[in-house]
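Trainee: The following comprises the amino acid sequence and a computationally predicted model.
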Amino acid sequence: MDLIDRYLHAVKGYLPEAQQNDIVAELKDDLLSQIEEREAALERPLNDAELQALLKQSGHPMLVASRYRPQEHLIGPTMYPFWWTAQKFMLIVVGSVYGLLVGIRVLSSGFSVSHLIQELIQSAFGFVSTALFYAAAITLVFWFFERNQVRFGFLDQWNPTKLAPATDRLRIKRDESIFEVVFEALFLLWWIGVISFATTFYHHGKPVPFSMSPAWEPYWWPILATSVASMALAVVNLITPYWTRQRLLFRIVLNIVCIGLAYLLFQQDELIVVGDATLEMAKFGNAQTLLNKSAHVVLVLVSLMMAAEIVGDVRKLFALANHGNTRAGAAA
C-alpha cells in the first residue's frame, strides 16, 4: 500500500488545508474499493504494474485534486492547479528579487533604521505593481489555454513510482529555500565585488577600517565554486521541494568541502587586518587580535552547523533507503 499512500500524499499537497483530511479519506476509500473489485475479478492481489495502471487511470494528483476544488469562473478546474502553482512561483521569484534589492541597497549605502523603512516602503509598492502585472499575464495565458482546451501531455505520461515518499521528513520548506537563495545571492555579489558592506567600526568616535587579509586569496575560487553550488541546490529545492538521494549526497559532499575550507582557514593566524594594527580597545585588548579570534570562532560554529546538517542528511538517506527496501519487499 506504499504506492497508494504516496499517491494520496501527493494529492493532499494540492488540496485546501481545511479539506485535506476529509477528501483524502474519501479518495482512499474509493481507491481501495476499486482495488478490491479488480482483485475479486482477477481472484488474486494486484501486482505493481496493475496498481500503477489503476492510479494512472485515476489521474495525475494535481488533476484529481482539482476535481474537489470549488468551480472557478475564469480558470476552469483543469487549469486551476497549474494557474495557482504558476502564481505562487511568480510571487516567490518577484518577492525574492525585491528582497535582494532591498538588502543590497541598505547594506551598500550604510545601514540605518530610517533608510531601511524607506527602502521597504518603496519596494513594497514596486513588488505589488510588478506582481499584479505578472499575475494578470499568467491569468491571460491560462485563460487562453482554458478556452482552447490545451492539454498538457506530460500529465498522461507521469509515473506513480516517481512520486515522493509519503513523509514530511523529506519535504523542504519553501521559506528555507527562499532564504538560502537570497543569502547565497547576496554573498556571491559581495564575494565578486559587485556590492560592498561597511568595513569600519568606531573607536572613541574615530572610524577604524578593517579588511580581509591576503590569507583568503588562495581560497577565493573554491569559496566561489561552493557558493554557486549551494545557490544552485537552493534553486532546485525551491522548484521541487523534496529531498532526493542525489541532492542529499550532493549537499553532504558540499558540506564536507566547506568544512575542509573552514579548517584550512582556521590554520591562518591573521584573517582580518585592522587599519591601525596597534589599536588597543581598553579591557578588550588589541582590536586586530580580537577580530581574528572572533573570525576563528565563527569558522568553528559554521563547521559545527554543517556537521549537524550532514548527520541530518545521513538520516534522511537511511529513511530513503528504508523506503526503497519497503517497496522491494512489497514487490517481492
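Mentor: Done, it's in.
Trainee: pull the CA atoms of stretch 278-296 into PDB?
Mentor: The C-alpha coordinates for stretch 278-296 follow below in PDB (Å, rounded to 0.1, in the frame of the first residue of the first chain):
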ATOM      1  CA  THR A 278      48.300  48.700  17.200                       C
ATOM      2  CA  LEU A 279      44.900  49.900  18.300                       C
ATOM      3  CA  GLU A 280      44.100  48.800  21.900                       C
ATOM      4  CA  MET A 281      40.400  48.700  23.000                       C
ATOM      5  CA  ALA A 282      40.700  49.200  26.700                       C
ATOM      6  CA  LYS A 283      39.700  45.900  28.500                       C
ATOM      7  CA  PHE A 284      39.000  44.200  25.200                       C
ATOM      8  CA  GLY A 285      42.700  44.300  24.200                       C
ATOM      9  CA  ASN A 286      44.200  44.600  20.700                       C
ATOM     10  CA  ALA A 287      41.400  45.200  18.100                       C
ATOM     11  CA  GLN A 288      43.100  43.100  15.300                       C
ATOM     12  CA  THR A 289      43.600  40.100  17.700                       C
ATOM     13  CA  LEU A 290      40.000  40.400  18.900                       C
ATOM     14  CA  LEU A 291      38.600  40.400  15.400                       C
ATOM     15  CA  ASN A 292      40.700  37.400  14.300                       C
ATOM     16  CA  LYS A 293      39.700  35.400  17.300                       C
ATOM     17  CA  SER A 294      36.100  36.200  16.500                       C
ATOM     18  CA  ALA A 295      36.600  35.100  12.900                       C
ATOM     19  CA  HIS A 296      38.000  31.700  14.200                       C
END
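Trainee: which residues touch it?
Mentor: 203, 208, 210, 266, 269, 270, 271, 272, 273, 274, 276, 277 (C-beta atoms under 8 Å, 6 or more residues apart in numbering). The way it works is simple: take the backbone N, C-alpha and C, and place the C-beta from them, glycine included.
Trainee: So the fifth one lies in a strand, does it not?
Mentor: No - under DSSP: H, G, I helix; E, B strand; the rest coil, residue 269 sits outside any strand and is assigned coil.
Trainee: Could I get the contacting residues of it?
Mentor: residue 292 are the contacts of residue 269 under C-beta under 8 Å, 6+ apart.
Trainee: what about burial for the contacts of stretch 278-296, which qualify?
Mentor: Buried members of the contacts of stretch 278-296, scored by 16 or more other C-beta atoms under 10 Å, are 208, 210, 271, 272, 273, 274.
Trainee: quick one, phi/psi of the second one?
Mentor: For residue 210, the backbone dihedrals (degrees, to the nearest 10) come out as phi -140, psi 160.
Trainee: got it, and the first one?
Mentor: Torsion angles at residue 208 (phi, psi; degrees, to the nearest 10) stand at phi -120, psi 110.
Trainee: again, but for the third one
Mentor: Torsion angles at residue 271 (phi, psi; degrees, to the nearest 10) stand at phi -100, psi -20.
Trainee: what's the distance between it and residue 292?
Mentor: According to C-beta to C-beta, to the nearest Å, residue 271 and residue 292 sit 6 Å apart.
Trainee: And the first one, by the same measure?
Mentor: Note on residue 208: its distance to residue 292, by C-beta to C-beta, is 15 Å.
Trainee: Point me to the helix or strand that includes the closest residue to residue 259 other than its chain neighbours.
Mentor: Nearest non-adjacent residue to residue 259, counting by C-beta to C-beta, 6 or more residues apart in numbering: residue 303, 4.9 Å away. Element membership of residue 303 [criterion: DSSP states H and E] is helix 287-331.
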